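# What shape does this take:
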Amino acid sequence: MANLNKLMKQAMKAQQQAAEIDAEMASRTVEASSGGGAVAVVATCKGQLKSIKLDPEAVDPEDVETLEDMVMLAVNNALAEGQKIQAEEMAKVTAGMNLPGLG
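Model (predicted):
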């Protein structure tokens, strides 16, 4: 029974730490760019876009598709980096534990 109590305490502690990391990820930001810096994106590690900056030189009315591709690339890179950071932080909490709902 002592092992069960210890496991329950570990689970509760891990759940609390996971909630804290989740809150931190909502405010922690990552940046990505494409087109040699023509497009710059800032997003949270929870996947919310915070800003998109476009270099005026990148805006060519004759070639909107290239700008669209650069924006999509920068956004996807920022979101992927945020997800990677979030997974790494959560893995620290759940390392060595096999608890459902904490990763």
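# Ala18 touches Thr94, doesn't it?
Yes: applying C-beta atoms under 8 Å as the test, Ala18 and Thr94 come out as touching, 7.4 Å apart. The way it works is simple: take the backbone N, C-alpha and C, and place the C-beta from them, glycine included.
# who has more neighbours, these two?
Higher neighbour count among Ala18 and Thr94: Ala18, with 19 against 16, using other C-beta atoms under 10 Å.
# For the biggest helix by length in the chain, buried residues please.
Counting by DSSP state H, the longest helix found in the chain is helix 64-94. Buried residues in helix 64-94, counted by 16 or more other C-beta atoms under 10 Å: 67, 70-71, 73-75, 77-79, 82-83, 85-86, 89-90, 93-94.
# avg pLDDT for that helix?
For helix 64-94, mean pLDDT is 94.
# Could you do stretch 42-52 as well?
96.
# Quick check: buried residues in it?
42-46.
# among those, which are in strands?
Of those, the ones assigned to strands by DSSP state E are 42-44.
# possible to save the residues you listed as JSON lines with distance to Lys9?
Formatted as JSON lines, those follow (distance: C-beta to C-beta, whole Å):
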{"residue": "Val42", "distance to Lys9": "38"}
{"residue": "Ala43", "distance to Lys9": "35"}
{"residue": "Thr44", "distance to Lys9": "31"}
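# out of these, which one sits closest to Ala26?
Nearest to Ala26 among these: Thr44, at 5.8 Å, using C-beta to C-beta.
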